[in-house]
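Undergrad: only geometry, no sequence info:
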């Protein structure tokens, strides 16, 4: 944060270019790709839009998996651009299976792009991107696009090895920096499609961004201070090692899931993300009171449910700059809140279970 | 800068909403409008694109003034969306006149939108937006859209009084904050057009942004830290008073222009902006050496020329967080650089002229 507070530099001066080269190289390491990684000044949704409007032509077919608010967004984006979306709808909390994907691909031979959500933030469910990508590659010529917004930096992602064509993320998730920057990585196969795309675009025109990348620049003024923050964050990730970062997230997620289950709480996701955990609020207690006590008495910020899960679940983030001991603080606050709400359980059973996963 | 370095808050929590209400109200004051002012996470170009893709239907006619790199951008944006651009080309450094605008409007009755650039950053020329808007209102039903990216906060802008329909700016100009946020204000007349627009859009869909505005929110995660910076900047502008901010910029600009002329340097803009001054590098000296000495010996960052003016001009910014005494430092560095480059002039004549404008 203090790095970002230093006097601003100009983005067309050598000192920024040096930074730009380092950030771009470290982003390739984060995405595990040798392909281009472009920086956009927008939220993650902007990078998702860039994928859609740069890969299609009007009237093309795009397949997407709708298992929550963010999967659904791929469909909305396609509709906004006159691309025909084919939807695989999965129940919130579940993930698409290889069998479902195979079936839908066999029935729709003209699909140009398959859109996946690695970690569905609205439900805490993870997609087995590696397995799904494998079947898509085997069954079709469709490009594979992954919304990695809460996944990248939290869960294993080997873009090149897994045959992913496009992956996107934002600055405020695994990169631990305030929101405002988004990143999009593209394979050579994806670039061929970008060259042919005729959908309207300007700010999100990836050909313009690639041209600027060649001279270590962005086509439009970037969010420079956030870029400086991302540089610092990427250096931290390099130092820890990206595999170790993934392993740490797995440990943190496991501790929260174990604690919740020990407390008798139900988890939403069948195949859970390591970035966040969605937990049902026990029906026996008042959801409004639960949220108020957790926030006001114990100063813990969690997210609520979205859509039909509003008031029914809460979502604990363990994404980014967190360690094991902070998970104990989280679980302790959860226990105290449950007690204050009159929920019955054996005190300490949650923290004990969380701690147990660290041994 | 330190405000922005404080621990981040979440954009869907009450503390952010309170901030959001204040920022939006202060933005209305800055733009001098009672209409909606929307915050986008993008560079200023993103807000320009939002204007184009929200106001037109495919095949519509848009009139733009091309007097530099940023005026030209309006034409590029329209072409990207299949809108037919009609261009008024003016020589770099000059501005469109009321007579030219009248002539072109009379010849093109179907123009739906007129795009202006208040302060053309590539040349330092200002458009008389008030006078041009008056004639557009008299001669046509076209909406008036103003790129106010370097103008707003630097030059008089009375959006409602002048009948401007849409105005855009960015966080890194008059608002004195790092880049990454853009702002777009719309009149009720403009909203009617937005309702009818059928061009594809999602991230820059202003109807979505207006809907979120009603609940003090943005449709996508905003660049929260920059938003906190903009809040502090707007409080400073309110405290100084926006008319006083405009007057200060007029004084700073006048001091630089007077100094340059006293030094025998030629100015590019006939009708100069108060945000920046573009000055020709004397032909008798080496432009590369001039830039190097100014930057490396005297630590002053200026911008170079763009397009056909590359290597021919330099551009001094006096926009934002500057006062009179800093202008003297600028002029002194300029004199020392000119001396080091072998340019002949009476030492001190520049600083004397600059200082003279403050008496």
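TA: It's in. It should be emphasised that the depicted structure is a prediction, and the values quoted were computed from it without experimental measurement.
Undergrad: which ones are touching residue A:234?
TA: A:22-23, A:26-27, A:29-30, A:175 (C-beta atoms under 8 Å, 6 or more residues apart in numbering or on different chains). Every residue, glycine included, has its C-beta placed from N, CA and C.
Undergrad: so how do I select the buried members of those in ChimeraX?
TA: In ChimeraX syntax, the buried subset of the contacts of residue A:234 is picked out as below (16 or more other C-beta atoms under 10 Å in any protein chain shown):
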select /A:23,26,27,30,175
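Undergrad: identify, from the contacts of residue A:234, the entry nearest to chain B.
TA: residue A:175 (12.7 Å; C-beta to the nearest C-beta).
Undergrad: which strand or helix spans the residue nearest to the closest one when sequence neighbours are not counted?
TA: Excluding its sequence neighbours, the residue lying closest to residue A:175 (C-beta to C-beta, 6 or more residues apart in numbering or on different chains) is residue A:233, at 4.9 Å. Element membership of residue A:233 [criterion: DSSP states H and E] is helix A:224-240.
Undergrad: try residue A:278
TA: Assigned by DSSP H and E, residue A:278 falls in strand A:276-280.
Undergrad: what comes up buried for the next helix-or-strand element following that strand?
TA: Scanning forward in sequence from strand A:276-280 by DSSP H and E, the next helix or strand is helix A:287-292. For helix A:287-292, the buried set under the neighbour-count rule, 16+ other C-beta under 10 Å, comprises A:287, A:290-291.
Undergrad: packing partners of the strand holding residue A:278?
TA: helix A:242-262, strand A:313-317 (3 or more C-beta pairs under 8 Å, 6 or more residues apart in numbering or on different chains; DSSP states H and E).
Undergrad: who are the packing partners of the last one?
TA: Translated: strand A:313-317. Strand A:313-317 packs on strand A:276-280, strand A:303-304, going by 3+ C-beta pairs under 8 Å, 6+ apart.
Undergrad: same thing with the first one?
TA: Of the remaining helices and strands, those touching helix A:242-262 by 3+ C-beta pairs under 8 Å, 6+ apart are strand A:276-280, helix A:324-340, helix A:349-356.
Undergrad: between it and strand A:313-317, how big is the angle?
TA: Per axes from the mean of the first three to the mean of the last three C-alpha atoms, to 10 degrees, the angle that helix A:242-262 makes with strand A:313-317 is 150 degrees.
Undergrad: taking helix A:224-240 as reference, get the angle to helix A:242-262.
TA: Using the same axes, to 10 degrees: helix A:242-262 against helix A:224-240 is 90 degrees.
Undergrad: contacts for helix A:242-262 next, please.
TA: A:29-30, A:32, A:153-156, A:174, A:237, A:240, A:267, A:272-275, A:277, A:279, A:316, A:318-319, A:322-324, A:327-328, A:330-331, A:334, A:349-358.
Undergrad: and for stretch A:285-299?
TA: Outside stretch A:285-299, the residues touching it (C-beta under 8 Å, 6+ apart) are A:281, A:300-302, A:304, A:311-312, A:314, A:333-334, A:336-338, A:340-343.
Undergrad: circling back to that earlier point, most neighbours per residue, which of the helices and strands packed on strand A:313-317?
TA: Among the helices and strands packed on strand A:313-317, strand A:276-280 has the highest mean neighbour count (mean count of other C-beta atoms under 10 Å in any protein chain shown), at a mean of 25.
Undergrad: what mean pLDDT does it have?
TA: Taken as a whole, strand A:276-280 has a mean pLDDT of 98.
Undergrad: now do the helices in chain A.
TA: A:14-31, A:44-55, A:69-80, A:98-107, A:129-139, A:159-162, A:188-196, A:206-213, A:224-240, A:242-262, A:287-292, A:324-340, A:349-356 (DSSP state H).
Undergrad: helices or strands up against the last one?
TA: In terms of contacts (3+ C-beta pairs under 8 Å, 6+ apart), helix A:349-356 is packed against helix A:242-262, helix A:324-340.
Undergrad: distance of the one residue in the stretch 51-200 of chain A that gets nearest to chain B relative to residue B:14?
TA: Closest contact between the stretch 51-200 of chain A and chain B, by C-beta to the nearest C-beta, is at residue A:180 (3.0 Å). Residue A:180 sits 22 Å away from residue B:14, going by C-beta to C-beta, to the nearest Å.
Undergrad: neighbour-wise, which of the two wins?
TA: residue A:180 (32 against 11; other C-beta atoms under 10 Å in any protein chain shown).
Undergrad: show the end-to-end separation of stretch A:4-17, please.
TA: Terminal residues of stretch A:4-17 are spaced 16 Å apart (C-alpha to C-alpha, to the nearest Å).
Undergrad: average pLDDT across that stretch?
TA: 86.
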